[in-house]
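> when you get a sec, could you give me coordinates for this:
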Amino acid sequence: MEEIGREIRGKFPIDRVGMIHRLGRLEIGETSVAIVATSAHRAAAFEACRYAIDRLKQIVPIWKKEYFEDGAVWAEGEGQTHVLVEARK
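From the prediction side, this is the model:
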């Protein structure tokens with residue numbers, strides 16, 4: 001996430017950027033990530049935040065366990081496509 005912060009500061013005319021990702025069990029609809037950017041102009045801050053969340057999904061190794069009625073799976077972030085543990089049948 002620090003790498004993403006450096007990318008953002010080099011790519012967008014912003015003053016500061018902060019990112020935090022929550023750990024632990026989350027209920028559906030709960031916030032898991034917050035990204036804040038400060039800038040003289042809001043468009044730059046919005047663009048920096050959009051870039052940050054897209055990069056986070058691509059390169060940060062975020063693992064999540066998804067629960068279903070018939071079992072659960074461990075899934076990687078958006079940049080990965082394989083499931084690590086199959087659901088019970």
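> next, the residue nearest to Lys11 when sequence neighbours are not counted: phi, psi?
Nearest-residue entry for Lys11: Tyr51, 6.8 Å, with adjacent residues in sequence omitted and distances by CB to CB, 6 or more residues apart in numbering. (C-beta placed from N, C-alpha, C; glycine too.) Dihedral pair for Tyr51: phi -60, psi -40, per degrees, to the nearest 10.
> next one: Tyr51 relative to Ile59, how far apart?
12 Å (CB to CB, to the nearest Å).
> who has more neighbours, those two?
Tyr51 (18 against 15; other CB atoms under 10 Å).
> can you give me the helices for the chain?
2-11, 42-59 (DSSP state H).
> redo these as JSON lines? Include distance to Gly18.
Formatted as JSON lines, the helices of the chain follow (distance: least, CB to CB, whole Å):
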{"stretch": "helix 2-11", "distance to Gly18": "8"}
{"stretch": "helix 42-59", "distance to Gly18": "10"}
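> Leu23: which of the ones you listed is closest?
Judged by CB to CB, the one of the helices of the chain that comes nearest to Leu23 is helix 42-59, at 14.1 Å.
> show me what that closest one is in contact with.
Identification of contacts with helix 42-59 by CB atoms under 8 Å, 6 or more residues apart in numbering yields 1, 3-5, 7-8, 11-14, 17, 19, 21, 33, 35-39, 62, 77-79.
> relative orientation of it and helix 2-11 in degrees?
Here helix 42-59 runs at an angle of 150 degrees relative to helix 2-11 (axes from the mean of the first three to the mean of the last three CA atoms, to 10 degrees).
> can you give me the buried ones in helix 42-59?
Using 16 or more other CB atoms under 10 Å as the test for burial, helix 42-59 gives Ala44, Ala45, Glu47, Ala48, Cys49, Tyr51, Ala52, Arg55, Leu56.
> which among these gets closest to Phe68?
Using CB to CB, Leu56 comes nearest to Phe68 of the buried residues of helix 42-59, at 24.8 Å.
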